[in-house]
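Asks: turn this into a structure:
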Amino acid sequence: MTDTRSPLPSAEGERALGVHRPRLARGTVLNLLGMGAPLVAGLLAIPVLVRALGTDRFGVLTIAWMITGYFSLFDLGLGRALTQVIAARVSETGERHAPPVVWPAIGMMLALGVAGGAALAAVAPWLVTDVLRIPAALQDETRLALYVLAAGIPFVVMTAALNGILAAFHEFGLLNAIRAPMGIMILVAPVLVLPWSVSLVAVALALVAVRVGAFVALVAACRRFMPPRGAAPSTSPAGGPGIRALFGFGAWMTVSNIISPLMVHLDRFVIGSMVSMSAVAYYATPYEVVTKAWIVPGALVGVLFPAFSVSAGRDRERMERLFTRGSKYMALLLFLPMLLVIAFAREGLELWLGAEFAANGATVMQWLAAGVFINCIAQVFFTLVQGAGRPDLTARLHLMELPIYLVVLWWCIGEWGIVGAAVAWSARVALDAVLLFVVSGRLLQLRGAVVRRLALGLAVATGALAVPLALQDPRARAGAVIAVTAVFALAAWRFALAADERERLRQLTLGR
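Replies: Next up, the predicted model:
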């Protein structure tokens, strides 16, 4: 773990990392644009894929998307550890290249990627025949598709490492110039192969091709930030961030980074095992839509993480300000979109995918929307804890949550099917948010009044999302949405926004 008692950042270091407010805001906007572009692609691509592949094949495709994302965690947390270590080091020295420890870290990540691909290939037959309820006619096809995906895992892992290097230098424009096209093509590439084949093998080949292309682009982008080849990595804190510190940080982060996505995505495997692949499609489709809201916290915390890493142990007031404002802005940005999803889930799904998907997925979508709202805010808490150099705390929390969630998920699916899965998922992220909030408050030594005010505001906002559920008529729900939004806006203006924030908002809206 890195030493959080390092000297204050040098002026050159602050300029190198762009830790001042305009660069933070710019980085957030760039991240939002880069992550938001795939949302539009998904809205257009998913109906085409559902119709062309059928619900069973599409259910397998959603698991393929999940697998390629989840196996990025085979970097053992080193991608984000690189961001933390590089940001802390460069803030002190003002250097425009990464420390030498990057080279052995990248070598290790390549080895881990190969190991991850081999692991996926080894378990593929077991997943197809014993874990997932893959129809007999699709089993051979699915197994071959998983082998193809396994070949792409090393590129997935290396992409996470290179992303971490660019994020450490706040090169978010460059990072998103690569990430946005990749995110779009992950969704569009399966559509492009449909004129030739509806085989899952062809779809998997297209997904791997996209990952390889992104990796090549990131290698070119990172070249100017890499240390000289002959530079020897440090092994002690005195020589800067060394291998031991990097792997110590990454080890705890890995525990959290494996368990957290496992809890996020485990529901699909359990649904496939206990219900059917069609049920996976009915669950995963609203899930894919609602969780696109993660682009908002993804955009913000990608910028906050290196900022927290620079300020940890050096500027507690700045960390507290970033923490409270990040939590508050997250709630303000996401309240209305999640309110609209909860109010009009059935109508939206019917218009987009038809009455069958609406009948099966509307209630799922409503529960997941509430959970995603809570989870997006909690990502600020999570980022502060890890940015402060305490990934061990998030790891311990997730180790505690996992067995509880497994029991609750199994019971809820047995009782209520895919709706039960959504209930269990949302309950788990709510518990996670509460625990992370408590830990964050203790790390920052937040004043009691600040804790109570922030906790009350977030709790009231979450509860207000349920108001439209009491109404059956769509017009009544529309009226409720307008009323709740108006009350929320007035309360946010009066109680949530500080005087300087209100003044900046006036300037933005009035053009002054």
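Asks: which residue ranges form the strands in the chain?
Replies: With DSSP state E as the definition, the chain shows no strands.
Asks: quick one: low-confidence parts of it?
Replies: 1-39, 68-81, 84, 87-99, 228-254, 256-258, 261, 309-314, 508-512 (pLDDT under 70).
Asks: what sits closest to Phe373 if chain neighbours are left out?
Replies: In space, and not counting its chain neighbours, Phe373 is closest to Met338: 4.4 Å by Cβ to Cβ, 6 or more residues apart in numbering. Heads up, the C-betas are built off the backbone N, CA and C, glycines and all.
Asks: you'd agree the one you found is up against Trp367?
Replies: No: if you go by Cβ atoms under 8 Å, Met338 and Trp367 don't touch, sitting 11.5 Å apart.
Asks: about what we covered before: relative to Gln366, how far out is the residue nearest to Phe373?
Replies: Per Cβ to Cβ, to the nearest Å, Met338 is found 10 Å from Gln366.
Asks: check Glu350 too.
Replies: Per Cβ to Cβ, Glu350 is found 14 Å from Gln366.
Asks: relative to the whole chain's centre, how far out is stretch 484-498?
Replies: Using Cα atoms, centre = their mean, to the nearest Å, the mean C-alpha position of stretch 484-498 is found 27 Å from that of the whole chain.
Asks: could you pull out the helices for the stretch 351-500 of the chain?
Replies: Remark: helices assigned in the stretch 351-500 of the chain by DSSP state H, counting those that start in this stretch are 355-387, 391-444, 448-464, 474-491, 499-510.
Asks: how about the contacts made by the residue nearest to Phe373?
Replies: Going by Cβ atoms under 8 Å, 6 or more residues apart in numbering, Met338 touches 293, 369-370, 372-373, 465.
Asks: for the residue nearest to Arg57 when sequence neighbours are not counted, grab the count of nearby residues.
Replies: What sits nearest to Arg57 in space, not counting adjacent residues and going by Cβ to Cβ, 6+ apart, is Leu200, at 6.2 Å. By other Cβ atoms under 10 Å, the residues close to Leu200 number 25.
Asks: dihedrals phi and psi, Arg101?
Replies: Heads up, residue 101 is Val, not Arg. Backbone geometry at Val101, expressed as degrees, to the nearest 10, gives phi -60, psi -10.
Asks: neighbours of it, how many?
Replies: If we define neighbours as other Cβ under 10 Å, then Val101 has 28 of them.
Asks: what do you get for Arg447?
Replies: Residues near Arg447, counting by other Cβ under 10 Å: 11.
Asks: look up how far Gly441 lies from it.
Replies: 9 Å.
Asks: what does Val460 give?
Replies: For Val460, the distance to Gly441 equals 18 Å [Cβ to Cβ].
Asks: so for the two, which sits in the more crowded spot?
Replies: Gly441 (20 against 13).
Asks: I figured the more buried one hits Val451, correct?
Replies: Yes: contact criterion Cβ under 8 Å: Gly441 and Val451 qualify, at 5.2 Å.
Asks: phi first, then psi, for Leu132.
Replies: Leu132 adopts backbone torsions of phi -100, psi 150, taken as degrees, to the nearest 10.
Asks: likewise the one 3 residues further on?
Replies: With angles defined as degrees, to the nearest 10, Pro135 sits at phi -60, psi 150.
Asks: do you know how far it is from Gly272?
Replies: 11 Å.
Asks: quick one: which of those two has more around it?
Replies: It is Gly272, of Pro135 and Gly272, that has more neighbours when counted by other Cβ under 10 Å, with 25 against 14.
Asks: can you count the residues close to Tyr287?
Replies: Close neighbours of Tyr287, defined as other Cβ under 10 Å, add up to 27.
Asks: give the contact list for it.
Replies: 364, 368.
Asks: now it: how far from Trp294?
Replies: 11 Å.
Asks: do Ala491 as well
Replies: 25 Å.
Asks: in PDB, list the C-alpha atoms belonging to stretch 181-195.
Replies: Provided in PDB are the C-alpha atoms of stretch 181-195 (Å, rounded to 0.1, in the frame of the first residue of the first chain):
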ATOM      1  CA  PRO A 181     -15.700   3.600 -30.500                       C
ATOM      2  CA  MET A 182     -14.800   0.400 -28.600                       C
ATOM      3  CA  GLY A 183     -18.000   0.600 -26.500                       C
ATOM      4  CA  ILE A 184     -20.100   1.300 -29.600                       C
ATOM      5  CA  MET A 185     -18.600  -1.600 -31.600                       C
ATOM      6  CA  ILE A 186     -19.000  -4.100 -28.700                       C
ATOM      7  CA  LEU A 187     -22.800  -3.600 -29.400                       C
ATOM      8  CA  VAL A 188     -22.700  -3.000 -33.100                       C
ATOM      9  CA  ALA A 189     -20.300  -5.700 -34.200                       C
ATOM     10  CA  PRO A 190     -22.700  -8.500 -33.500                       C
ATOM     11  CA  VAL A 191     -25.300  -6.700 -35.700                       C
ATOM     12  CA  LEU A 192     -22.800  -6.400 -38.500                       C
ATOM     13  CA  VAL A 193     -22.200 -10.200 -38.700                       C
ATOM     14  CA  LEU A 194     -26.000 -10.900 -38.900                       C
ATOM     15  CA  PRO A 195     -26.200 -10.700 -42.800                       C
END
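Asks: buried sites along that stretch?
Replies: Of the residues in stretch 181-195, 181-191, 193-194 count as buried by neighbour count, 16 or more other Cβ atoms under 10 Å.
Asks: what separates it from the chain centre, distance-wise?
Replies: For stretch 181-195 - counting by Cα atoms, centre = their mean - the centre lies 20 Å from the chain centre.
Asks: again, but for stretch 387-400
Replies: 17 Å.
Asks: for stretch 288-297, same thing?
Replies: 8 Å.
Asks: list the buried residues of it.
Replies: 289-293, 295-297.
Asks: ok, these vs Leu120, which is closest?
Replies: The nearest member of the buried residues of stretch 288-297 to Leu120, counting by Cβ to Cβ, is Thr291 at 22.5 Å.
Asks: okay, that closest one and Arg57: tell me how far apart.
Replies: 21 Å.
Asks: try Trp425
Replies: Look at Trp425 and Arg57: by Cβ to Cβ, they are 24 Å apart.
Asks: of those two, which one has the most company?
Replies: Using other Cβ under 10 Å as the criterion, Trp425 and Arg57 rank with Trp425 on top: 27 against 22.
Asks: make sure that one is actually in contact with Val372.
Replies: No: contact criterion Cβ under 8 Å: Trp425 and Val372 do not qualify, at 9.4 Å.
Asks: just give me how far stretch 458-466 sits from the chain centre.
Replies: On the basis of Cα atoms, centre = their mean, stretch 458-466 sits 22 Å off its chain's mean C-alpha point.
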